[in-house]
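Novice: Need coordinates for the following:
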Amino acid sequence: MAHLSGAELHEYVRQSETCQFYKDKTLLVTGVTGFCGKVFFEKIARVLFPVKRVYVLIRSKKGQTAKERLDALLRSQAFSFHEYSADQLNKLIAINGDCSEIDMGLSNQDKHTLINEVNIVFHSAASVRFDASIPYNFKQNTLGTKYMVDLIKKFKKIDHFVYVSTASVNCQFLKLEDKIADFKDDIDSIIDKLHNAKSDEEMEKLAEPYVEGRPNSYVLTKAFCEAYVKKHCQMFDDEYNNNLKNNSRSTINSELSGKNFKTYVVRPAVVYNSKAEPTFGWIDSFNGPSAFSTFLLLGLVCYPEMNFDQVFQIIPVDYLANALISVPYLYSIDQTNEDSKDEIKVVTLTYDQVIGYTVMQQGEKYFEATPSLYLLRLPDMPPIRKPENTLLRRFKIFVFEYLWVHAMDFLLWIFGLKKKVSLVRLYNKYHHALQLMDYFLNNYFELPTENYKRLVKLQSVTDSVLFDFDVANYDADQIASSYVTGTRRYLLKEPDSTIDIAKKKFRVQKFFSTHCTLIYSIMLFYAFSLIFKCLVNFF
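Specialist: Predicted structure coming up:
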């Protein structure tokens, strides 16, 4: 869809059922400064012409007001690939707020505005730190979602609430369902108990019974979020419908007006480089798989300790953005399970049709065609499918990675460059990230796709062009191409004009790597023989 512009784009928008669904609607969105949020917000700004207004909840930070941060976002790289009309940009309004505060930290005037105007809410703001403490993620994620839900229950014109969760929310099970799990205790009592803890240590201890095998605080606090959404959003659907049976809409108590909103929980798998929007391969975050691909592309890691026989369970970031926009409309026309139309809808977004090794095989050709100018040495490509923890492999990692990065750091120190970059520090970050992801890298989760596939089939031809999120249009070659190209352009910030010189450098490195490995091995064997001989003579 990225190639559409001008009159052609306007014609598609005019024919789009999804775009017309948003006609004269007022939106409230959170989380727009994160990787996923930027792509989602960019798509709204570029395509949803019929929308009336978009309120953007942004926290003041580092001396910048919410409006200044929004203006900076609109000048950022995510918005540099397309043109936006002044009319569309004027619809984007910054609202100063903080998700970790009651009523989102809104001023009375802003709160009054949102209560009386907003029709659709998208809540994606969250901390995605796997290594954060439970108290930190509890405040950012669980309390943030609680305060949002408590606020939108006051909205008088709200029709739809879309909450962005994660496919790994119940990863203590290997087979997952599009259902929200309950905890053994009431979610309100759990949140009150943790919120009233007198110290971080006490909160950690109080949360232990609810971990239930989840590997980190991120998925635990997102599970709390879903449970709270299930209880409170579903409750108001039921409460409104029960009142509706006994009263006409016009006579329902004003405290209940507008509370019959539909709720959708969208669970993306690991979010990956974009397929097409805002441009091919775009990414601006080192979180998740992009960190590992960067270390491989630089040659900092030669022997990745991952099981590449596992199925890749990912979703391109623009597919997530398109799905978020599409979900409210598609569920409004979905005739499946009419009896449960008031239930909270859960949809898991994932591409799980290829194993990691196949992607790395495809990636090898792109790695050679567009190598990084900063490549330190050639990694082992494609990697071993399922590395075994053998003595020989541990020895290779110790010599060719651990000792190598320390030797390189020593050279950087000699030339006075260590203050600018430390390979040891980067290598330690890689291993820290590997430890955090170990549970997910070495377990296969059977994710549900029935709801996802059903929604895709409901799209019109026009909507499938404007808001494509069908994984049938995705394959291993596109995954590999987007991660190599995207990492080079947008994470390492290397312009395409440097590809030719990088390829020449790559050929030289490949020559020495091929012809010097044997010599290096002989020298290493000779060195160890001398050490062994000295030890024998000494004893």
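
Novice: mind listing the strands for the protein?
Specialist: 26-29, 53-58, 92-96, 120-123, 160-164, 262-268, 270-272, 314-316, 345-349 (DSSP state E).

Novice: Extract the CA atoms of stretch 412-427 and return them as CSV.
Specialist: Taking C-alpha atoms only, stretch 412-427 is exported to CSV below (Å, rounded to 0.1, in the frame of the first residue of the first chain):
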residue,chain,number,x,y,z
LEU,A,412,40.4,0.3,21.0
TRP,A,413,41.9,1.3,24.3
ILE,A,414,45.4,1.6,22.7
PHE,A,415,44.0,3.9,20.0
GLY,A,416,42.0,5.9,22.5
LEU,A,417,38.6,4.9,21.1
LYS,A,418,37.2,2.8,24.0
LYS,A,419,35.3,5.7,25.4
LYS,A,420,33.3,5.9,22.2
VAL,A,421,32.5,2.2,21.9
SER,A,422,33.1,-0.9,24.0
LEU,A,423,32.7,-4.3,22.3
VAL,A,424,32.8,-6.0,25.6
ARG,A,425,29.9,-3.9,26.9
LEU,A,426,27.9,-4.7,23.7
TYR,A,427,28.7,-8.4,23.9
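
Novice: circling back to that earlier point, of the strands of the chain, give the one that comes closest to residue 412.
Specialist: strand 270-272 (32.0 Å; Cβ to Cβ). C-beta coordinates here come from the backbone N, C-alpha and C atoms, glycine included.

Novice: sorry, back to before: for the strands of the chain, give me CSV that also has mean neighbour count and mean pLDDT.
Specialist: Written out in CSV, the entries for these read as follows (neighbours: other Cβ atoms under 10 Å; pLDDT from 0 to 100):
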stretch, mean neighbour count, mean pLDDT
strand 26-29, 24, 98
strand 53-58, 23, 97
strand 92-96, 19, 97
strand 120-123, 25, 97
strand 160-164, 23, 97
strand 262-268, 23, 96
strand 270-272, 25, 91
strand 314-316, 27, 93
strand 345-349, 23, 96
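
Novice: Which one, of these, ends up nearest to residue 441?
Specialist: When the strands of the chain are compared for distance to residue 441 using Cβ to Cβ, the nearest one is strand 270-272, at 10.3 Å.

Novice: Name every strand pairing with the closest one and say which way it goes.
Specialist: strand 314-316 (parallel) (DSSP bridges).

Novice: Going by the annotation, which residue ranges form each domain of the protein?
Specialist: Domain assignment of the chain by automatic domain parsing yields the ranges 6-286+304-354+447-476, 373-444+481-538.

Novice: In this structure, where is pLDDT below threshold?
Specialist: Low-confidence regions of the chain, defined here as pLDDT under 70, cover residues 1-3, 235-259, 337-342, 381-383, 417-420, 514-539.

Novice: Please tell me I have it right and residue 15 contacts residue 461.
Specialist: No. Residue 15 is not in contact with residue 461 according to Cβ atoms under 8 Å; the separation is 9.1 Å.

Novice: most neighbours per residue, which of the domains of the chain?
Specialist: Across the domains of the chain, averaging neighbours per residue (mean count of other Cβ atoms under 10 Å) puts domain 6-286+304-354+447-476 on top, at a mean of 18.

Novice: from the chain's centre, how far out does that domain sit?
Specialist: Mean C-alpha position of domain 6-286+304-354+447-476 versus that of the full chain (Cα atoms, centre = their mean, to the nearest Å) differs by 12 Å.

Novice: Show the contacting residues for the residue lying closest to residue 138 once chain neighbours are set aside.
Specialist: When the adjacent residues along the chain are set aside, residue 138 lies closest to residue 221, with 5.3 Å between them (Cβ to Cβ, 6 or more residues apart in numbering). Under the criterion of Cβ atoms under 8 Å, 6 or more residues apart in numbering, the contact partners of residue 221 comprise 134, 137-138, 140-142.

Novice: So which of those residues are in helices?
Specialist: Helix and strand membership here follows DSSP state H; of these, those in helices are 134, 137.

Novice: Go through the contacts of residue 221 and name the one nearest residue 109.
Specialist: The closest of those to residue 109 turns out to be residue 140 (Cβ to Cβ; 25.6 Å).

Novice: measure the residue nearest to the closest one when sequence neighbours are not counted to residue 277 for me?
Specialist: The spatial neighbour of residue 140 that comes closest, neighbours along the chain excluded (Cβ to Cβ, 6+ apart), is residue 127 at 3.9 Å. Residue 127 sits 25 Å away from residue 277 when distances are taken as Cβ to Cβ, to the nearest Å.

Novice: Residue 74 now?
Specialist: Following Cβ to Cβ, the distance that separates residue 74 from residue 277 is 16 Å.

Novice: so what's the residue nearest to residue 140 up against?
Specialist: Contact analysis of residue 127 by Cβ under 8 Å, 6+ apart lists 136-137, 140-141, 218.

Novice: Please enumerate the helices of the stretch 51-200 of the chain.
Specialist: 66-74, 86-89, 108-117, 134-137, 144-152, 187-195, 200-211 (DSSP state H, counting those that start in this stretch).

Novice: nearest to residue 310, of those helices?
Specialist: Set against residue 310 and scored by Cβ to Cβ, those come closest in helix 200-211, at 23.9 Å.

Novice: got the angle for that closest one vs helix 187-195?
Specialist: Computed with axes from the mean of the first three to the mean of the last three Cα atoms, to 10 degrees, the direction of helix 200-211 lies at 150 degrees from that of helix 187-195.

Novice: Grab the most central residue of the protein for me.
Specialist: Most central in the chain under Cα atoms, centre = their mean is residue 271, positioned 4.1 Å from the mean C-alpha point.

Novice: List the contacts of the residue nearest to that one when sequence neighbours are not counted.
Specialist: Excluding the flanking residues, the one nearest residue 271 by Cβ to Cβ, 6+ apart is residue 317, at 5.2 Å. The contact partners of residue 317, by Cβ under 8 Å, 6+ apart, come to 35-36, 39, 271-274, 282-283.

Novice: you'd agree residue 26 is up against residue 53?
Specialist: Yes. Taking Cβ under 8 Å as the contact criterion, residue 26 and residue 53 are neighbours in contact, 4.6 Å apart.

Novice: shared neighbours of these two, anything?
Specialist: Residues touching both residue 26 and residue 53 (Cβ under 8 Å, 6+ apart): residue 117.

Novice: Next up, the contacts around the closest residue to residue 311 other than its chain neighbours.
Specialist: With Cβ to Cβ, 6+ apart as the measure, residue 352 is the residue that lies nearest to residue 311, at 5.1 Å, once sequence neighbours are left out. For residue 352, the residues meeting the contact criterion (Cβ under 8 Å, 6+ apart) are 269, 311-313, 447, 449.

Novice: out of those, what pair is the most spread apart?
Specialist: 312 and 449 (14.3 Å).

Novice: Could you pull up the contacting residues of the closest residue to residue 478 other than its chain neighbours?
Specialist: Distances taken as Cβ to Cβ, 6+ apart place residue 275 nearest to residue 478, at 6.3 Å, with adjacent residues excluded. Taking Cβ under 8 Å, 6+ apart as the definition of contact, the neighbours of residue 275 are 316, 318-319, 474, 478, 482.

Novice: picking that back up, now tabulate the helices of the stretch 51-200 of the chain in JSON lines and tack on distance to residue 430.
Specialist: Output for the helices of the stretch 51-200 of the chain, formatted as JSON lines (distance: least, Cβ to Cβ, whole Å):
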{"stretch": "helix 66-74", "distance to residue 430": "30"}
{"stretch": "helix 86-89", "distance to residue 430": "40"}
{"stretch": "helix 108-117", "distance to residue 430": "43"}
{"stretch": "helix 134-137", "distance to residue 430": "23"}
{"stretch": "helix 144-152", "distance to residue 430": "30"}
{"stretch": "helix 187-195", "distance to residue 430": "33"}
{"stretch": "helix 200-211", "distance to residue 430": "27"}
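
Novice: Distance-wise, check residue 150 relative to residue 163.
Specialist: As defined by Cβ to Cβ, residue 150 lies at a distance of 14 Å from residue 163.

Novice: Having no further points to raise, I will conclude here.
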